[in-house]
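1. A structural model of the following input is requested.
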Amino acid sequence: MNKLSRRQFIAITAASFVASVAKGEQLMTTKTQLIHTAYFWLKNSDSTADRDQLIAGLQTLRQIPTVKTLHIGLPATTEKRDVVDNSFDVSELMMFDDLAAQSEYQAHLIHLAFVKNCSHLWSKVAVKDSITV
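-> Numbers count the residues shown, from 1 in each chain. You can find the predicted model right below:
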């Protein structure tokens, strides 16, 4: 087995590091640039039928071309802490390539139909949008 000199080892390690950084920079430029989260509080939070109807409505949003990822969730039973708010009934998280894609989503007929068909189910919605740094 060939033994590497210290100089060879450092050169190989440095080259690997540079390649990793370059690859990482490439991945960062292709990552989703806007994350849209919405939390829904149902008028009838004990109604499984209302919850299921809202989830079915949210599922239709997958058909919008600018939606890259859609995650629909229910509150997790994580530990109770002052910073955790799991008072919502249903959540959704979407990823878009950029602000323009999210704007297209807002005006899309499928999104408008979702709001029209499901808004009677919720008493409150909290939306939080963030961009990749």
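2. Tell me the spatial nearest neighbour of residue 45, not counting adjacent residues.
-> Excluding the flanking residues, the one nearest residue 45 by CB to CB, 6 or more residues apart in numbering is residue 89, at 5.2 Å. Glycine gets a C-beta too; all of them are placed from N, C-alpha and C.
3. now the one you found: how far from residue 53?
-> 12 Å (CB to CB, to the nearest Å).
4. between the two, which one's more packed in?
-> residue 89 (24 against 16; other CB atoms under 10 Å).
5. Could you double-check that that one lies in contact with residue 38?
-> No. Residue 89 is beyond contact range of residue 38, at 11.7 Å (criterion: CB atoms under 8 Å).
6. next helix or strand past the one helix or strand residue 100 maps to?
-> Assigned by DSSP states H and E, residue 100 falls within helix 99-107. Helices and strands here follow DSSP H and E; after helix 99-107, the next one along the chain is helix 109-118.
7. Tell me which residues of that next one come out buried.
-> 111, 114, 118 (16 or more other CB atoms under 10 Å).
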